[in-house]
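> following is a predicted model, sequence given first.
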Amino acid sequence: MLILPLKTQVIPSGSVPRSPNKLPFHHNVSLTVSLTVGTPPQNVSMVIDTGSELSWLHCNKTLSHPTTFDPTRSTSYQTIPCSSPTCTNRTQDFPIPASCDSNNLCHATLSYADASSSDGNLASDVFHVGSSDISGLVFGCMDSVFSSNSDEDSKSTGLMGMNRGSLSFVSQLGFPKFSYCISGTDFSGLLLLGESNLTWSVPLNYTPLIQISTPLPYFDRVAYTVQLEGIKVLDKLLPIPKSTFEPDHTGAGQTMVDSGTQFTFLLGPAYNALRTAFLNQTSGVLRVLEDPDFVFQGAMDLCYLVPLSQRVLPLLPTVTLVFRGAEMTVSGDRVLYRVPGELRGNDSVHCLSFGNSDLLGVEAYVIGHHHQQNVWMEFDLEKSRIGLAQVRCDLAGQRFGLAL
């Protein structure tokens with residue numbers, strides 16, 4: 001079992017784009033873990049992403065990316081030729097197939113839902129995680145990175161891919177399960193690789209991972225896909241047909257648990273039902289921002305004005321995501337998100353922390369890390385399921401001996 005502290009990184013107030021001209025998920029908070037790579041070890045900081053396969057590091061030092069990994073300084077660094085089985089067989093789940101560069105090295109191009117991309121060569125090196133040394137771990141050594149959020153991404157050295165693909169960090173390590181817990185306070189959380197033995201904790205409720213045998217064009221087969229069955233506001237199930245949550249014949253409409261995305265995004269019919277119910281429940285309690293031009297992150301169009309003098313938000317209705325076998329309840333200030341740097345006179349702007357996938361052109365439900373705060377998230381790869389339990393993540397960290 002390996003335990004690593006998680007950190008959250010926040011972009012300075014005011015630097016979040018007003019209306020993203022790129023598609024999907026601009027994140028202004030990401031979860032990072034620190035470790036060392038290479039011989040001698042170099043410090044790196046990696047964003048934990050359960051929605052990605054290949055882990056990668058910035059290998060080209062530029063002004064915008066001062067934090068990089070220098071392969072020329074590592075005696076254990078090895079490039080991977082394009083004739084290698086790793087390049088020919090294990091990259092099949094990459095959205096863009098691996099190719100051969102002019103030096104006959106395995107070349108990877110990665111693109112993400114938020115229109116960021118990176119490309120470079122596949123390589124291997126030793127990763128020092130906690131007290132363990134993992135040699136020959138395959139990762140992408142990226143020369144060029146185009147980011148939709150350079151303020152945020154310049155703070156980390158790379159990304160740790162944690163999905164179910166054969167080259168993901170967790171697949172290469174061969175752990176039967178991993179868990180994380182994200183605190184809602186300044187303490188950020190922990191990532192636990194291996195068996196957690198949570199005898200002290202509340203029992204986990206499990207929801208099975210959905211798997212399909214036939215490849216479908218819009219279904220990500222290596223994502224952590226669960227079955228969303230309904231949405232409740234104040235414990236009352238919204239009148240949304242179950243078929244709304246079922247992927248269609250193309251695979252569009254799957255529900256993915258994604259630590260690399262900040263907020264939760266719902267397909268139009270489900271989002272509109274939630275928006276209407278939430279609006280009704282908060283009528284007379286909160287003032288709606290009447291500005292059709294303001295859509296936070298291009299997908300969140302229900303926002304409220306809250307006086308700066310008001311320190312505490314009124315009691316807000318809870319929103320519960322109902323999965324097969326488990327539920328995730330979002331309450332308190334996690335239901336609304338204060339938009340950094342956005343002021344209207346003497347009011348701050350708070351938006352419903354659920355977005356409309358349709359506005360982003362994304363054919364999926366995505367459960368982001370904002371709604372996973374203070375939830376123990378266990379990804380059980382052996383039994384193909386995800387376990388959930390509401391916990392105090394700061395206390396969980398103390399149980400594991402992290403001075404949080």
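Looks like it arrived, so ask away.

> contacts, neighbours, all on C-alpha from now
Fine.

> element containing the closest residue to K232 other than its chain neighbours, please.
Of all residues not flanking K232 in the chain, T320 sits nearest, at 4.9 Å (Cα to Cα, 6 or more residues apart in numbering). Assessed by DSSP states H and E, T320 sits inside strand 319-323.

> ok, F278 next?
helix 268-282.

> ranges for the helices of the protein?
85-89, 150-153, 169-173, 268-282, 357-360, 393-399 (DSSP state H).

> beta partners of the nearest residue to T32 once chain neighbours are set aside?
In space, and not counting its chain neighbours, T32 is closest to V47: 4.2 Å by Cα to Cα, 6+ apart. Here V47 sits in beta bridges with T32, L159, going by DSSP bridges.

> residues contacting V47?
Counting by Cα atoms under 8 Å, 6 or more residues apart in numbering, V47 makes contact with 30-33, 156, 158-160, 260.

> again, only this time at 6 Å
31-32, 159-160 (Cα atoms under 6 Å, 6 or more residues apart in numbering).

> ok, it to S34 distance?
With the distance defined as Cα to Cα, to the nearest Å, V47 ends up 9 Å from S34.

> ok, D333 next?
Computed as Cα to Cα, the D333 to S34 distance reads 28 Å.

> so P71 versus F323, what's the distance?
Distance from P71 to F323, by Cα to Cα: 44 Å.

> what about the residue nearest to L286 when sequence neighbours are not counted, distance to Q310?
Spatially, and ignoring its direct neighbours in sequence, L286 is nearest to Y304 (6.5 Å; Cα to Cα, 6+ apart). In this view, Y304 and Q310 are 13 Å apart by Cα to Cα.

> is G387 bridged to anything, and to what?
G387 has these beta-bridge partners by DSSP bridges: Y206, E378.

> run a quick neighbour tally on it.
19 (other Cα atoms under 10 Å).

> which ones are touching it?
Counting by Cα under 6 Å, 6+ apart, G387 makes contact with 204-206, 377-378.

> try 7 Å this time
204-207, 377-379 (Cα atoms under 7 Å, 6 or more residues apart in numbering).

> please apply the same query to I3.
Per Cα under 7 Å, 6+ apart, neighbours of I3: 130, 190-193.

> one more: C141?
56-59, 120-123.

> any idea how many residues pack against the closest residue to T109 other than its chain neighbours?
Excluding its sequence neighbours, the residue lying closest to T109 (Cα to Cα, 6+ apart) is D119, at 4.3 Å. Using other Cα under 10 Å, D119 is surrounded by 19 other residues.

> any idea what D119 is bridged to?
Counting by DSSP bridges, D119 forms beta bridges with T109, S144.

> coming back round to it: would JSON lines of the contacts of V47 with neighbour count and pLDDT be doable?
As requested, these are exported to JSON lines (neighbours: other Cα atoms under 10 Å; pLDDT from 0 to 100):
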{"residue": "L31", "neighbour count": "26", "pLDDT": "80"}
{"residue": "T32", "neighbour count": "27", "pLDDT": "84"}
{"residue": "L159", "neighbour count": "27", "pLDDT": "90"}
{"residue": "M160", "neighbour count": "25", "pLDDT": "93"}
